[in-house]
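**Student:** after the sequence you'll find the predicted model.
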Amino acid sequence: MRDPLTLLIIGLGLIILFTWIIWPKRGLSAWWQRSQLDRKRVLLEDALKHLYDCEYKSKKASVDSLAGNLAISSEQAAELAARLEKLNLTLSDQNHLQLTDAGRSYALRVIRVHRIWERYLADETSIEAKDWHHEADIQEHKLSFEDANKLAADMGNPVYDPHGDPIPTESGELPDHSGIALNAMEVGTFGIITHIEDEPHTVYLQILALDLHPGIKIQLIQKNSEKIEFIANGNRCILAPVFAANVTVQIITSDVELSDKTQGTYRKLTDLKQNETATISGISKVCRGQQRQRLMDFGVVPGTTISIEMKSPIGDPTAYRILDAVIALRKEHAQFIYIK
């Protein structure tokens, strides 16, 4: 039989536990309710983003497309669609979903926060490009619209995110969607990459591996049902047609010359051989923020000569001589530097 003191301690423990569970605003029950509400809000905001994306690209949105985009069941998507309509954020017509003015305004606020944060990550931090979208997906539901506007003002109110997507203005204005998919180009035509879709993530990683980004001029040289072949950054690049659909280009006239990189006169620093000396011609636009500033602080600026001082036994990093100094760079950083 337990002594009275032990029973008293157990009783007090149970009372404290029960109080912690039901404590208003700070208890476990309140936390659980808040987390469920937050989850519902995140789903609602992600749904609005999807519906706006469909509207912007003149596509039909439906319960099925909602389920696929949010990775939820058809039943959950139907419940979410009903909730959106009840909140007067959407209208439904023969299984097609469309935004109301209120829903469109809400969606644009979320999109503005997302794209401002991606711009911030690209320009002000050393976070890799492959992680920008995921980080912004989290922050878009946390950062207030007012704080996002202050951040944008600090960065000079950028117009585009690093993937080429226009950033909605504070009043919710966006330019019309333009350009065509890379796989829709005709052989021999020239274009400028204006946008790279960052979803699905696996496809985005394949595009990043080719060092593609908005602003690059390309020429399509071969096209069939199995591959799209084109010139970019002085290299022959190949993408599967389904992957190339995630790259948007603006067609330019054929008499517009591509940069010297496409003529084979520029190489990457990783291509430099042991007894060669080269001139730095620039840093890839993919390299941004602190990472870019670090390279420039080392003297990596156009017109500077560079040579290999020493290679490590395993080949990475490599010591380079630049401006009478020796710096060590890994391949992942050296690949961003163009030389001639």
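**Tutor:** Received it, and whenever you're ready, just let me know what you need.

**Student:** I figured Glu309 was touching Val326, is that so?
**Tutor:** Yes. Between Glu309 and Val326 there is a contact at 5.1 Å, judged by C-beta atoms under 8 Å. C-betas here are computed from N, CA, C, even on glycine.

**Student:** okay, the two: which has more neighbours?
**Tutor:** In this view Glu309 and Val326 are compared by other C-beta atoms under 10 Å, and Glu309 has more residues nearby, 15 against 11.

**Student:** what residues are up against that one?
**Tutor:** Contacts for Glu309 (C-beta atoms under 8 Å, 6 or more residues apart in numbering) come out as 319-321, 326.

**Student:** who wins on neighbours among these?
**Tutor:** Neighbour-wise, the contacts of Glu309 (other C-beta under 10 Å) top out at Tyr320, 23 neighbours.

**Student:** is it bridged to anything, and to what?
**Tutor:** Ile308, Ile327 (DSSP bridges).

**Student:** run through the residues that contact it.
**Tutor:** Contact analysis of Tyr320 by C-beta under 8 Å, 6+ apart lists 269, 306-309, 326-329, 334.

**Student:** let's verify the residue nearest the centre of the chain: helix, strand, or coil?
**Tutor:** For the chain, the residue nearest the mean C-alpha position is His133 (3.5 Å; C-alpha atoms, centre = their mean). Under DSSP: H, G, I helix; E, B strand; the rest coil, His133 falls in the helix class.

**Student:** show residues contacting stretch 155-165.
**Tutor:** 114-116, 118-124, 129, 132-133, 152, 166-167, 193-198, 213-214, 248, 288.

**Student:** got a ChimeraX select line for the buried ones in those?
**Tutor:** Those of these that count as buried under 16 or more other C-beta atoms under 10 Å are selected in ChimeraX with:
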select :114,115,116,118,119,120,121,122,129,132,133,152,166,167,193,194,195,196,197,198,213,214,248,288
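
**Student:** mark which of the contacts of stretch 155-165 are part of helices, please.
**Tutor:** Here DSSP state H is the test, and the contacts of stretch 155-165 give 114-116, 118-124, 129, 132-133, 152 as lying in helices.

**Student:** wait, Gln219 sits on Phe190?
**Tutor:** Yes. Using C-beta under 8 Å, Gln219 is in contact with Phe190, at 5.1 Å.

**Student:** so between the two, which is more surrounded?
**Tutor:** Ranked by neighbour count (other C-beta under 10 Å), Gln219 and Phe190 place Phe190 first, with 22 against 18.

**Student:** so that one versus Ile251, what's the distance?
**Tutor:** Separation of Phe190 from Ile251 (C-beta to C-beta, to the nearest Å): 7 Å.

**Student:** what are the ranges of the helices in the stretch 1-150 of the chain?
**Tutor:** Secondary structure of the stretch 1-150 of the chain (DSSP state H, counting those that start in this stretch): helices at 4-22, 28-56, 63-70, 74-86, 101-124, 129-139, 145-154.

**Student:** which of those has the lowest average pLDDT?
**Tutor:** Of all the helices of the stretch 1-150 of the chain, mean pLDDT reaches its minimum on helix 4-22 (a mean of 64).

**Student:** what's next to the helix or strand in which Gly191 is found, contact-wise?
**Tutor:** Assessed by DSSP states H and E, Gly191 sits inside strand 190-196. With contact meaning C-beta under 8 Å, 6+ apart, strand 190-196 is reached by 163-165, 178-179, 182, 185, 204, 207, 212-220, 232, 246-254, 256, 258.

**Student:** now, the residues you listed that are in helices?
**Tutor:** Per DSSP H, those map to helices at 204, 207.

**Student:** buried among the contacts of strand 190-196? Need that as a selection in ChimeraX.
**Tutor:** Buried residues among the contacts of strand 190-196 (16+ other C-beta under 10 Å), as a ChimeraX selection:
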select :163,164,165,179,182,185,204,207,212,213,214,216,217,218,219,220,232,246,247,248,249,258
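
**Student:** so what's the residue count around Thr318?
**Tutor:** Residues near Thr318, counting by other C-beta under 10 Å, number 20.

**Student:** okay, it and Ser92: tell me how far apart.
**Tutor:** According to C-beta to C-beta, Thr318 and Ser92 sit 60 Å apart.

**Student:** for Ser58, phi and psi?
**Tutor:** phi 60, psi 40 (degrees, to the nearest 10).

**Student:** for it, which non-adjacent residue is closest in space?
**Tutor:** In this structure, Ser58 finds its nearest non-sequential neighbour in His177, 7.5 Å apart by C-beta to C-beta, 6 or more residues apart in numbering.

**Student:** this completes my enquiry, with thanks.
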